[in-house]
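1. coordinates only, no sequence provided:
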């Protein structure tokens, strides 16, 4: 090569290099794609040149290069998918936001060591667990700010705007956020609360005062109480973390080494202190465990922050992913306390490509006090374990007041939500759409001060009435906020008889202790609703699930009653009943003439009853007139005493009856849940079958938890009885051992129901002249069952065996049955 050509080549090369190797200066932040939390100490490097560094504790990084050619930036972090992005001079002077998606919990990193450092670190953390678990403190308190945002993803905005139903509300789609995340989403709803919370270990007590609550569209105080922190606390040091009412095994469970693999892939120095990156992943698929990681300080082994992610094989419905994040800050020289936490969940009801609802709950904590005399003094006057109060006017805080109350300001999306919801609630078209959806879902249609429904009771059929039609009419709060009136009229085209009911409720007092009066008149066929509990036979759905070959028994009841309900406090309530009942057997039951009386009318009774109920710390959702129990973590006990009087309103019988029951639902993690009901009763007096204990049977193929499903209605009578029902829901059980059943999220259970009963000779002589009934004669009736739950997420299949009593050769009774039922559960 000539000297001239060499010089020309060299000049062109350096000219080309100067053009393409320019300086580069940019910075960035690395964060979790789901929780938006910064990712500390992630590895960031250029693939071709190899130049790299780690992000700081806040997830930040920056690069300055005097000479740079286009390259690919690679970001890696244990537990996340590797991230690649082309980089050129277009990023100069900009801030890059990099969001990592969760991937393998080990991230492809293999840590070779003769000592299992992960297990060693876990044992060190566990050695300090009792010290750092906040529930082991003598007491503590704080101010909490709760914020719950609901967003919608995976929807077609253009189609929605053209929809007949949604076109009037097209302005809602102006709030679509297409920049904050990889996929556009629509911020849909936001609720906030600010509360003071306190806890005491001995004697264990909890207190919460909700100072402010912003629940647009819900003025209900019970909703505000549920938005507090009392029901939403996550404690990573606990053995189990409750997610959607299911217990998941914590990585800091006392036996977590049985369920988790542990690793320590990284160690950093922060402020002169060593901090370990602690990573955990499930050992076995199909168990309710987490994946995730934590940063743990050396020497003290306190958790500085922790991320929990739902394992992909966890048996939970409608949830695509769940993330829990918690960060701790020092409150004194020896203790870190919770500073903030996040709980994010993606709900997909109909499948992977269906509409997705994203719930984002964030909580921050201020004014933390520990082991304080002020908390001790607060609890001196609290006589029960838990108290949740709402301050007067908590739902009426002004915008300026909220600005002072919030721990941080609202984002642009959050402000837009409030403006949109206010506009929607004021629109008559939206109100009509709400009423239409309520009518379809609940069966009730509101017409200003009145409501009709439920629609599924409008038409049904049975062997006595033939085709039956029914129409209900009730009042709403527009008529009166404290008095509810309801009536219905029904007609059978075969028996050509009208039936009906009229009733009135007066809510004399709602808070703090409820006081209610109820009066009613009922004249209709006894459809077994009280027997079956879940599904009565006075609706259109029962037509398709009745058992064939059953001699259905029909009975008409005329019932006048008056009830007084009063809460007494500390979980106690009492109810007084006065009732006058007149029965008329219609088919397959002994007629009135077989029950001669000396006074009054056959099968007519007047009785006074008192029920005492104890349900400690039971929670409720308040409706307009009625409230709906959310249950309690303690057993529920009931005791009822009834006295029947002859000679009053054509009553023919003197008798006494006493009954009692105890029931409970318990989580026995990690072995699922267990429920039981124990009950007993006795009737003193010679009385007809309408007063005796008719052990509940089931005439349809819809499974009834409170009935003997292979027993017919009115099959067995007793005047002295005792029984027990138990059910153990195992969870995944045996289904977790195969990939197919894990994917289907099938669940396993077993149950047993037994009753012991007897009937006095006098009552046998009175009631069994025609051989219509049976008695157990002191023996046991036993049903046992098992089955498959969570089929297609909503269906349950029960296989039930009638074990005792053994049938006589002349008896024809079913020994085995298959029953179905539906339920919505996570």
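-> Ah, there it is. This one's a predicted model, so the numbers in the text were calculated from it and none came from an experiment.

2. make it CA atoms for all contacts and neighbour counts henceforth
-> Will do.

3. can you pull out the low-pLDDT segments for the protein?
-> Segments of the chain classed as low confidence (criterion: pLDDT under 70) are 1-21, 104-114, 155-185, 216-232, 311-312, 349-354, 425, 429-430, 527-549, 807-813.

4. ranges for the helices of this structure?
-> Using DSSP state H, the helices found in the chain span residues 3-20, 117-127, 129-132, 157-162, 221-226, 256-259, 373-380, 399-405, 412-425, 428-442, 529-532, 739-744, 761-767.

5. okay, now residue 478: neighbour count?
-> Residue 478 is surrounded by 10 other residues when neighbours are defined as other Cα atoms under 10 Å.

6. okay, how far is it across stretch 457-470, tip to tip?
-> According to Cα to Cα, to the nearest Å, stretch 457-470 extends 6 Å from its N-terminal end residue to its C-terminal end residue.

7. buried residues in that stretch, which are they?
-> For stretch 457-470, a neighbour-count test (16 or more other Cα atoms under 10 Å) marks 457, 458, 459, 460, 461, 462, 464, 465, 468, 469, 470 as buried.

8. what's the answer for stretch 722-736, then?
-> Going by neighbour count (16+ other Cα under 10 Å), the buried part of stretch 722-736 is 722-733, 735-736.

9. could you do stretch 468-481 as well?
-> Residues 468, 469, 470, 471, 472, 473, 474, 475, 476 are the ones in stretch 468-481 that count as buried (16+ other Cα under 10 Å).

10. which one of those is nearest residue 71?
-> Closest approach between the buried residues of stretch 468-481 and residue 71, by Cα to Cα: residue 476, at 67.9 Å.

11. do you know how far the closest one is from residue 416?
-> For residue 476, the distance to residue 416 equals 32 Å [Cα to Cα].

12. quick one on the thing from earlier: filter the buried residues of stretch 722-736 down to just the ones in strands.
-> With strands defined by DSSP state E, the entries of the buried residues of stretch 722-736 inside them are 722, 723, 724, 725, 726, 727, 728, 729, 730, 731.

13. tally up the residues packed near the nearest residue to the fourth one once chain neighbours are set aside, please.
-> Nearest in space to residue 725, with sequence neighbours left out and distances taken as Cα to Cα, 6 or more residues apart in numbering, is residue 753 at 4.4 Å. A total of 22 residues lie near residue 753 under the criterion other Cα under 10 Å.

14. ditto for the one 10 residues further on
-> When neighbours are counted by other Cα under 10 Å, residue 763 registers 18.

15. what does residue 54 give?
-> Residue 54 has 18 nearby residues by other Cα under 10 Å.

16. could you do residue 623 as well?
-> Other residues within reach of residue 623, judged by other Cα under 10 Å, total 10.

17. what's it sitting at in phi/psi?
-> For residue 623, the backbone dihedrals are phi -100, psi -170 (criterion: degrees, to the nearest 10).

18. what sits against it?
-> The neighbours of residue 623, taking Cα atoms under 8 Å, 6 or more residues apart in numbering as the test, come to nothing; the list is empty.

19. for it, give its distance to residue 473.
-> Counting by Cα to Cα, the gap from residue 623 to residue 473 is 18 Å.

20. would you mind measuring from the residue nearest to residue 681 when sequence neighbours are not counted to residue 146?
-> In space, not counting the residues next to it along the chain, residue 681 is nearest to residue 659; the distance is 4.0 Å by Cα to Cα, 6+ apart. When distances are taken as Cα to Cα, residue 659 and residue 146 turn out to be 45 Å apart.

21. of the two, which one has the most company?
-> Legend: neighbour count by other Cα under 10 Å for residue 659 and residue 146, higher for residue 146 (25 against 18).

22. other residues contacting stretch 682-700?
-> Counting contacts by Cα under 8 Å, 6+ apart, the residues outside stretch 682-700 that touch it are 531-532, 542, 545-547, 550, 552, 583, 595, 603, 653-659, 704, 706-721, 762-763, 766-767.

23. in strands, which of the residues you listed appear?
-> With DSSP E as the criterion, strands contain 583, 655, 656, 657, 658, 659, 717, 718, 720, 721 from among these.

24. residue 203: neighbour count?
-> Other residues lying near residue 203 total 10 when counted by other Cα under 10 Å.

25. ignore the last one, residue 656
-> Using other Cα under 10 Å: residue 656 sits among 17 other residues.

26. ok, it - contacts?
-> For residue 656, the contact set (Cα under 8 Å, 6+ apart) comprises 641, 642, 643, 644, 683, 684, 685.

27. give me that answer again for 6 Å
-> For residue 656, the contacting residues are 642, 643, 683, 684, taking Cα atoms under 6 Å, 6 or more residues apart in numbering as the criterion.

28. what's opposite the last one in the beta bridge?
-> So the one you mean is residue 684. The residues paired with residue 684 through beta bridges, assigned by DSSP bridges, are residue 656.

29. top of the contacts of residue 656 by neighbour count?
-> Tallying neighbours with other Cα under 10 Å puts residue 683 at the head of those, with 22 neighbours.

30. not counting sequence-adjacent ones, nearest residue to it?
-> residue 657 is the one closest to residue 683 (Cα to Cα, 6+ apart), at 4.4 Å.

31. the one you found and residue 639 touch, don't they?
-> No - at 10.9 Å, residue 657 and residue 639 do not qualify as touching, with contact defined as Cα atoms under 6 Å.

32. what sits in contact with each of the two?
-> Both residue 657 and residue 639 lack any common contact, where contact means Cα under 6 Å, 6+ apart.

33. related to what we said a few turns ago, with the ones in strands among the buried residues of stretch 722-736 in mind, which one is nearest to residue 482?
-> Each of those was scored against residue 482 by Cα to Cα, and residue 725 proved nearest at 37.7 Å.

34. look up how far residue 703 lies from that closest one.
-> Here residue 725 is placed at a distance of 14 Å from residue 703 (Cα to Cα).

35. one step back: and of the buried residues of stretch 457-470, the nearest to residue 403?
-> Of all these, the one sitting nearest residue 403 is residue 457; the distance, using Cα to Cα, is 49.1 Å.

36. state the distance from the closest one to residue 400.
-> Distance check for residue 457 against residue 400: by Cα to Cα, it reads 49 Å.

37. could you do residue 116 as well?
-> As for residue 116, its distance to residue 400 is 55 Å (criterion: Cα to Cα).

38. looking at these two now, which is surrounded by more residues?
-> Counted by other Cα under 10 Å, residue 116 and residue 400 do not tie: residue 116 has more neighbours, with 14 against 8.

39. which non-adjacent residue is nearest that one?
-> Distances taken as Cα to Cα, 6+ apart put residue 263 closest to residue 116, at 7.5 Å, once the chain neighbours are dropped.

40. distance of that neighbour relative to residue 444?
-> Taken as Cα to Cα, the spacing of residue 263 relative to residue 444 amounts to 56 Å.

41. gap between stretch 555-571 and the chain center?
-> Distance of stretch 555-571 from its chain centroid, counting by Cα atoms, centre = their mean, to the nearest Å, is 29 Å.
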